[in-house]
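*Asks:* fold the following for me, if possible:
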Amino acid sequence: MKAAPEHRVWRNWAGTATAAPVRWSRPRSEAEIAAAVRDAAAAGLTVRALGSGHSFTAVAATSGVALDLTGWTGIIGADTRTGLVTVRSGTPLRALNAELSSLGLAMANLGDIDVQTVAGALATGTHGTGARLGGLATQVEALELVLADGSVAACSASNRPELFAAARIGLGALGVVTTVTLRCVPAFTLLADERPMPVEGVLEQFDALAEANDHFEFYWFPYGSNALVKRNNRLPGDAAGAGAAGVRAMPPPPLPAWRRFWEFEVMENAGFGALCRLGRARPRLIPALNRFSSSALSARTYTERSDRVFVTPRRVRFTESEYAVPRESLGHVIAELRRAVPRLPDPVMFPVEVRVAAADDIWLSTAYGRESAYVAIHQYAGLPYQDWFDRFESIVAEVAGRPHWGKMHSLGAARLDALYPRFGDFRRVRADADPERRFTNAYLTRVLGD
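*Replies:* Take a look at the predicted model:
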């Protein structure tokens, strides 16, 4: 086990959280992970496993032992017949997607970035979009994790089912996840259709668009009249796409390399980043810049390997809050946000993102027991965001919104207990798995209670 220099400062990607662990450990095996946990216990220190730092909260922060899992990566078992793939927990999603493609497999659904580790993405409830699909945790078939006493526990729906129900989205509060077995699907191609539509039209057709497409989402610029609507559908014969509305007999080709670079790197990152910097320097220009971004949206249609459609590069830094709300309440939430924006003391530079998900049975899933719409609000790094985020929270509170565990929110254990029917069960399993709170930190104390 390689020890890293002590007293290095940890920072997350957005710059919203920092920590100064007293000890760093870089284990390269499950045995070394267990040894690090036992050593921490002997020293009276807490332990947190570090992902890629893409949570906007301090969920991974620790003043005790930081476990750097960058030496614990890769697929360790794959059955291409069943689609069951076992992967080490520190594996970045980007590397996992590439390895799966080489095996002729793919994740059934993904979020829109791929830099998170497998364990980090699962721990915080990362999700993509699709009315008939759940978040990443619904694709988990089994887990192994190191518990507070250094023992290794295996769990699945049939083996320690309560631990499994809690650990699929476990916030790192139950132990250090070491391996994850995923149920993957045969590799598939997506037909991507992205085009601007008037916001009013998108809201009127929201349910129809969600049901008619395998994957549907839209981005609304708060001062603009247009939304960017993204519809991604599996091509016929690929991985049982149920929607695939409007798929053509002769689908379009992939984007040429030059156009992909121009649109994703130059326009969506470099160009939009320049507008954001201008807005930060001259905040009074932000509404006009936001309207310009909305009016400049253009259409594109192409086919590509699934993960290359799901994932887009995000190089412009921002702060984000996201809540899951009952799908039927989406219209009310957006209407209230549209009313709120002109009254804010500080203008909003970034768009609002809306996605959908099926109900699931995972205890701390934001989609537990209900079909959900996800509303994510953002602000460019360095611009004031608190009033915008506070207003958002007051709106989603009216419809029992549940916060994304890895994004900015202010809720504590009492409020979360009322939002999650199995919250008490999670706390009970946690008490059994980690009675001395070896894996706690300030964030977990707030959201889970003492």
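*Asks:* contacts and neighbour counts: CA atoms only from here.
*Replies:* Fine.
*Asks:* excluding chain neighbours, what is closest to residue 446?
*Replies:* In space, residue 446 comes closest to residue 412 once its chain neighbours are excluded; the distance is 5.2 Å by C-alpha to C-alpha, 6 or more residues apart in numbering.
*Asks:* got phi/psi on that neighbour?
*Replies:* For residue 412, the backbone dihedrals (degrees, to the nearest 10) come out as phi -110, psi -180.
*Asks:* just checking, it touches residue 448?
*Replies:* Yes: Residue 412 is in contact with residue 448 according to C-alpha atoms under 8 Å; the separation is 7.2 Å.
*Asks:* more neighbours: the two, which one.
*Replies:* Neighbours of residue 412 and residue 448, each counted by other C-alpha atoms under 10 Å, are more numerous for residue 448; the result is 20 against 15.
*Asks:* check contacts around the residue nearest to residue 446.
*Replies:* 446-449 (C-alpha atoms under 8 Å, 6 or more residues apart in numbering).
*Asks:* pLDDT score for residue 249?
*Replies:* Looking at residue 249, its pLDDT reads 57.
*Asks:* quick check: the residue nearest to residue 446 vs residue 319, distance?
*Replies:* 20 Å (C-alpha to C-alpha, to the nearest Å).
*Asks:* residue 344 is in contact with residue 388, correct?
*Replies:* Yes: look at residue 388 against residue 344 with C-alpha under 8 Å: they come within range, at 6.8 Å.
*Asks:* more neighbours: which of those two?
*Replies:* residue 388 (22 against 13).
*Asks:* helix, strand or coil for the more buried one?
*Replies:* helix (DSSP: H, G, I helix; E, B strand; the rest coil).
*Asks:* residue 363 too?
*Replies:* Under three-state DSSP, residue 363 comes out as coil.
*Asks:* just give the nearest non-adjacent residue to it, would you?
*Replies:* residue 422 (5.4 Å).
*Asks:* buried set for stretch 251-261?
*Replies:* Across stretch 251-261, burial judged by 16 or more other C-alpha atoms under 10 Å covers residue 254.
*Asks:* oops, could you answer that again for stretch 102-112 instead?
*Replies:* Buried residues in stretch 102-112, defined by neighbour count with 16+ other C-alpha under 10 Å: 105-112.
*Asks:* from residue 317, how far out is residue 265?
*Replies:* For residue 265, the distance to residue 317 - C-alpha to C-alpha - is 14 Å.
*Asks:* now the spatially most central residue of the chain, what are its backbone angles?
*Replies:* Here the mean C-alpha position of the chain is nearest to the C-alpha of residue 126 (C-alpha atoms, centre = their mean), at a distance of 2.9 Å. Main-chain torsions, residue 126, degrees, to the nearest 10: phi -60, psi 140.
*Asks:* how about residue 285?
*Replies:* Torsion angles, degrees, to the nearest 10, at residue 285: phi -80, psi -10.
*Asks:* quick one: contacts for it?
*Replies:* 278-279.
*Asks:* number of nearby residues for the closest residue to residue 170 other than its chain neighbours?
*Replies:* Distances taken as C-alpha to C-alpha, 6+ apart place residue 123 nearest to residue 170, at 5.1 Å, with adjacent residues excluded. Per other C-alpha under 10 Å, the neighbour tally for residue 123 reads 25.
*Asks:* ok, the closest residue to residue 351 other than its chain neighbours to residue 231 distance?
*Replies:* Nearest residue to residue 351, sequence neighbours excluded (C-alpha to C-alpha, 6+ apart): residue 221, at 4.3 Å. According to C-alpha to C-alpha, residue 221 and residue 231 sit 18 Å apart.
*Asks:* follow-up on the earlier one: so what's the residue nearest to residue 170 up against?
*Replies:* 167-172.
*Asks:* check what pLDDT it gets.
*Replies:* 97.
*Asks:* repeat for residue 298
*Replies:* Reported pLDDT for residue 298: 89.
*Asks:* how about residue 313?
*Replies:* 88.
*Asks:* host element of it?
*Replies:* Counting by DSSP states H and E, there is no helix or strand that carries residue 313.
*Asks:* neighbours of it, how many?
*Replies:* 13.
*Asks:* residue ranges with poor pLDDT in the chain?
*Replies:* Residue ranges of the chain with pLDDT under 70: 1-7, 237-249.
*Asks:* one step back: quick one: contacts for the residue nearest to residue 351?
*Replies:* 227, 290-291, 293-294, 350-352.
*Asks:* any figure for the gap between it and residue 276?
*Replies:* On the measure of C-alpha to C-alpha, residue 221 and residue 276 end up 13 Å apart.
*Asks:* could I get the full set of strands for the stretch 101-250 of the chain?
*Replies:* Listed in chain order, the strands of the stretch 101-250 of the chain (DSSP state E, counting those that start in this stretch) span residues 105-106, 140-146, 152-156, 176-183, 185-186, 189-198, 215-220, 226-234.
*Asks:* which helices and strands does the last one pack with?
*Replies:* In terms of contacts (3 or more C-alpha pairs under 8 Å, 6 or more residues apart in numbering; DSSP states H and E), strand 226-234 is packed against strand 189-198, helix 199-204, strand 215-220, helix 286-295.
*Asks:* quick one: residues in contact with that strand.
*Replies:* Contacts of strand 226-234 (C-alpha under 8 Å, 6+ apart): 188-199, 202, 213-221, 240-241, 243-245, 247, 294-295, 297, 309.
*Asks:* now the angle between strand 215-220 and it, please.
*Replies:* Strand 226-234 and strand 215-220 are oriented at 170 degrees to each other (axes from the mean of the first three to the mean of the last three C-alpha atoms, to 10 degrees).
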